[in-house]
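*Asks:* The following comprises the amino acid sequence and a computationally predicted model.
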Amino acid sequence: MKQVTYTHEEIMESTPRKGFFGHPKGLSTLFVTEFWERFSYYGMKAILIYYLYYSVAQGGFGLSEGAAMQIVSIYGTLIYMSGIIGGWIADRITGTQNAVFYGGFLIMLGHILLSLPNNLTLVMVALAVIIAGTGLLKPNISTTVGELYDRNDVKRDSAFTIFYMGINLGSLLAPLITGYLQTRISFHAGFLAAAIGMFCGLVVYILKRKVNLGLAGRNVPNPLTKPEIKKLSVITVAVVILFLLYLLILHLFNALTLSNFSLLVTILGIVLPIYIIINMLVSKDVNREERSRIISYIPLYITSVAFWMIQEQGSTVLATFADKKTQLEMSKLTNGAIDFSIPASWAQSLNPIFIVILAPVFAALWVKLGKHNPPTVHKFAYGVITAGLSYLIMVIPLLSGVELVNPIWLVLSFLLITFGELCISPVGLSTTTKLAPVTFTARMMSLWMLSNATAQGLNAQLVVVYEHMKQADYFLYSGLFAVAIGIILLIISPKVKRAMKGIY
């Protein structure tokens with residue numbers, strides 16, 4: 001079947017140009033779809049760790065806290081890795097519009113599997129289905145947003161801001177609802193809410209995409225040729241066989257364990273970005289100036305990894321801390337004035353709440369500072385140092401000797417990590433596009449996404465340590481490490497800025 005390619009003009013003509021706060025109607029369709037996808041993702045993730053380590057009597061599987069945190073970290077690593085494959089599939093096979101639909105369907109299916117009474121094997125299958133679905137949906141829905149606008153359209157940045165709000169509103173509400181259902185009914189009720197959320201998103205997408213999205217996302221930019229299909233088939237079969245052989249060898253030596261699998265995932269999280277960086281550096285399509293910018297990106301990448309290592313422990317280490325070490329009985333906190341037990345998963349809503357409140361403040365601050373606006377490299381340093389401080393302050397209540405600490409400490413920790421995130425996440429996204437070589441823009445963006453995968457891959461090894469050492473020591477050493485990374489970046493910042501060749 002011959003592949004049809006639509007021009008940018010045809011795409012623009014096929015989409016209603018106004019109808020959603022002055023934006024194309026297609027933005028509303030993608031906004032609602034992304035809202036419900038993030039609702040399902042963060043709703044499930046907020047209670048996943050408890051599902052894994054709570055006792056069978058409490059509705060869980062009774063795993064150790066270390067094993068549970070390791071599984072959640074591996075899940076997060078593979079989620080961000082899958083986006084690279086999902087983007088490739090859209091570029092070469094399906095187009096972004098269809099990829100979003102297939103991804104949403106798989107996510108819903110995965111959550112439905114979790115909502116059923118099941119065994120641990122089925123849970124792992126469900127997580128694998130969600131990983132595949134998220135890989136298809138997450139990178140491609142953002143790309144489809146971009147296709148609704150001309151490259152220089154002044155509304156483009158505004159559109160992504162609105163879209164970003166959909167992400168945070170979904171991640172804000174989800175833990176509150178799924179956490180409440182988990183504590184008052186069951187884990188399966190919480191997972192079912194996540195499945196219903198993705199179902200709502202799919203219904204809106206199916207009903208509205210033809211009218212509101214038109215031809216946006218219908219193109220397959222670089223479709224596979226017949227020789228490439230044959231080559232890809234051979235490579236895919238070879239990879240599958242090698243992976244199965246790896247599993248067989250581990251089984252024969254009684255080494256097919258969670259720890260060994262997590263180590264493989266961690267190694268992939270380290271090797272993939274190294275491969276991408278080297279591949280760009282040696283490419284003939286990269287000139288001298290672009291090569292210098294790629295080199296300048298390396299310390300920023302390492303800093304980003306150090307930051308995300310702490311930020312992503314919000315759903316593992318801090319989630320466990322909220323459950324085990326935090327006073328959640330309002331009757332104890334208010335001397336009996338309020339009789340309410342706070343679900344531990346509600347702590348997962350703190351970060352998006354602070355993002356929604358503070359993101360406009362930070363955006364205005366950078367503009368207000370004008371020529372005094374800190375350079376990118378300094379923002380990265382401040383971000384990771386603040387992340388380190390968010391862990392260092394947790395040492396204070398732990399050294400006080402109280403059995404359960406006041407939740408205000410957890411709130412303060414999440415507030416500080418949000419300050420750090422607003423210094424690194426949006427700035428890093430923008431800087432990545434600026435430093436990217438002309439021929440490797442998409443690959444550079446995949447590298448930025450991989451910084452989170454690398455971080456969670458390393459976390460898969462670190463969270464096991466949390467279970468076997470003093471909690472105060474864990475927070476102290478982790479915090480000091482992040483602060484040290486930030487200080488080192490400040491020291492080498494002049495060299496990094498020179499290598500960025502005018503990108504600040």
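*Replies:* That came in fine, so what should we check first? Residues are numbered from 1 along each chain as shown.
*Asks:* so where is the stretch 401-504 of the chain shaky, pLDDT-wise?
*Replies:* Along the stretch 401-504 of the chain, the model assigns pLDDT under 70 to residues 442.
*Asks:* Kindly recompute the last result at 80.
*Replies:* Residue ranges of the stretch 401-504 of the chain with pLDDT under 80: 426, 429-430, 433, 438-443, 445-446, 502-504.
*Asks:* all helices in it, in order from the N-terminus.
*Replies:* 408-435, 441-466, 471-499 (DSSP state H, counting those that start in this stretch).
*Asks:* Save those helices as TSV, and put in mean neighbour count and distance to Ala68 too.
*Replies:* Just so you know, the C-beta spots here come from the backbone N, C-alpha and C atoms, and that holds for glycine as well. Shown next, in TSV, are the helices of the stretch 401-504 of the chain (neighbours: other CB atoms under 10 Å; distance: least, CB to CB, whole Å):
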stretch	mean neighbour count	distance to Ala68
helix 408-435	20	19
helix 441-466	22	9
helix 471-499	18	16
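*Asks:* Which one of those helices lies nearest to Ser262?
*Replies:* Nearest to Ser262, of all the helices of the stretch 401-504 of the chain, is helix 441-466, at 4.3 Å by CB to CB.
*Asks:* what sits against Ala189?
*Replies:* Under the criterion of CB atoms under 8 Å, 6 or more residues apart in numbering, the neighbours of Ala189 are Ser115, Leu181, Gln182.
*Asks:* With Leu416 instead?
*Replies:* Leu416 neighbours (CB under 8 Å, 6+ apart): Thr386, Ala387, Leu389, Ser390, Ile393.
*Asks:* Need the nearest residue in space to the first one, chain neighbours excluded.
*Replies:* Just to be clear, that refers to Thr386. Once flanking residues are discounted, Thr386 sits nearest to Gly420: 3.8 Å by CB to CB, 6 or more residues apart in numbering.
*Asks:* And for Arg17?
*Replies:* Pro24 (5.4 Å).
*Asks:* hang on, isn't the one you found packed against Lys208?
*Replies:* No - Pro24 is beyond contact range of Lys208, at 11.9 Å (criterion: CB atoms under 8 Å).
*Asks:* who has more neighbours, the two?
*Replies:* Per other CB atoms under 10 Å, whichever of Pro24 and Lys208 has more neighbours is Pro24, with 25 against 17.
*Asks:* For that one, what are phi and psi?
*Replies:* phi -60, psi 150 (degrees, to the nearest 10).
*Asks:* Contact partners for it?
*Replies:* By CB under 8 Å, 6+ apart, the residues touching Pro24 are Thr15, Pro16, Arg17, Lys18, Leu148, Tyr149, Asn212.
*Asks:* likewise Gln70?
*Replies:* Leu258, Ser259, Ser262, Ala460, Val463, Val464.
*Asks:* Ile11 touches Leu215, doesn't it?
*Replies:* Yes - look at Ile11 against Leu215 with CB under 8 Å: they come within range, at 4.7 Å.
*Asks:* For the contacts of Ala189, which single residue is the most surrounded?
*Replies:* Gln182 (26 neighbours).
*Asks:* hang on, the earlier thing: could you pick out the buried ones from the contacts of Pro24?
*Replies:* Using 16 or more other CB atoms under 10 Å as the burial test, the contacts of Pro24 include Thr15, Leu148, Tyr149, Asn212 as buried.
*Asks:* Any chance of those residues in CSV with pLDDT and distance to Trp88 as columns?
*Replies:* CSV is the format used below for those (pLDDT from 0 to 100; distance: CB to CB, whole Å):
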residue, pLDDT, distance to Trp88
Thr15, 77, 25
Leu148, 80, 22
Tyr149, 76, 24
Asn212, 85, 26
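*Asks:* Greatest separation within the residues you listed: which pair is it?
*Replies:* Longest distance between any two of the buried ones among the contacts of Pro24 is 14.1 Å, between Tyr149 and Asn212; criterion CB to CB.
*Asks:* picking up where we left off before, any chance of TSV for the contacts of Pro24, columns distance to Met69 and secondary structure?
*Replies:* Shown next, in TSV, are the contacts of Pro24 (distance: CB to CB, whole Å; DSSP: H, G, I helix; E, B strand; the rest coil):
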residue	distance to Met69	secondary structure
Thr15	44	coil
Pro16	46	coil
Arg17	48	coil
Lys18	47	coil
Leu148	40	coil
Tyr149	41	coil
Asn212	41	helix
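*Asks:* between those residues, which is closest to Ile485?
*Replies:* Tyr149 (36.7 Å).
*Asks:* Where does pLDDT dip in the stretch 151-300 of the chain?
*Replies:* 151-166, 217, 219, 221-222, 251, 255-256.
*Asks:* quick revisit: could you measure from the residue nearest to Arg17 over to Glu13?
*Replies:* Distance of Pro24 to Glu13, computed by CB to CB, to the nearest Å: 12 Å.
*Asks:* For the closest residue to Phe31 other than its chain neighbours, give me its contacts.
*Replies:* Of all residues not flanking Phe31 in the chain, Gly166 sits nearest, at 4.4 Å (CB to CB, 6+ apart). Contact analysis of Gly166 by CB under 8 Å, 6+ apart lists Phe31, Val32, Glu34, Phe35, Arg38.
*Asks:* so which of these comes closest to Leu248?
*Replies:* Nearest to Leu248, judged by CB to CB, of these is Arg38 at 38.1 Å.
*Asks:* Report all helices and strands that the host helix or strand of the closest one contacts.
*Replies:* According to DSSP states H and E, Arg38 maps onto helix 25-53. For helix 25-53, the elements it packs on are helix 65-89, helix 96-115, helix 120-147, helix 155-184, helix 187-208, helix 317-324, judged by 3 or more CB pairs under 8 Å, 6 or more residues apart in numbering; DSSP states H and E.
*Asks:* quick one: average pLDDT of that helix?
*Replies:* Average pLDDT, helix 25-53: 90.
*Asks:* by how many degrees do it and helix 317-324 diverge?
*Replies:* Computed by axes from the mean of the first three to the mean of the last three CA atoms, to 10 degrees, the angle separating helix 25-53 from helix 317-324 equals 60 degrees.
*Asks:* Now do helix 25-53: distance to the chain's middle.
*Replies:* Its chain's C-alpha centre lies 11 Å from the corresponding centre of helix 25-53 when counted by CA atoms, centre = their mean, to the nearest Å.
*Asks:* Quick check: pLDDT value at the residue most central in space within the chain.
*Replies:* Central residue of the chain (CA atoms, centre = their mean): Tyr80, 6.2 Å from the mean position. Per-residue pLDDT puts Tyr80 at 87.
*Asks:* wait, doesn't it sit right on Ala453?
*Replies:* Yes - using CB under 8 Å, Tyr80 is in contact with Ala453, at 3.7 Å.
*Asks:* Show me how the protein divides into domains.
*Replies:* Residue ranges for the domains of the chain, per automatic domain parsing: 1-223, 228-270, 280-504.
*Asks:* quick one on the thing from earlier: so which of the helices and strands packed on helix 25-53 gets nearest Leu268?
*Replies:* Leu268 sits nearest to helix 65-89 of all the helices and strands packed on helix 25-53, at 7.0 Å, using CB to CB.
*Asks:* how many degrees apart are that closest one and helix 120-147 in direction?
*Replies:* Using the same axes, to 10 degrees: helix 65-89 against helix 120-147 is 40 degrees.
*Asks:* Would you mark the buried spots in helix 65-89?
*Replies:* 65-84, 86-87, 89.
*Asks:* where does the stretch 1-150 of the chain have low pLDDT?
*Replies:* 1-23, 118, 142-143, 146-147, 149-150.
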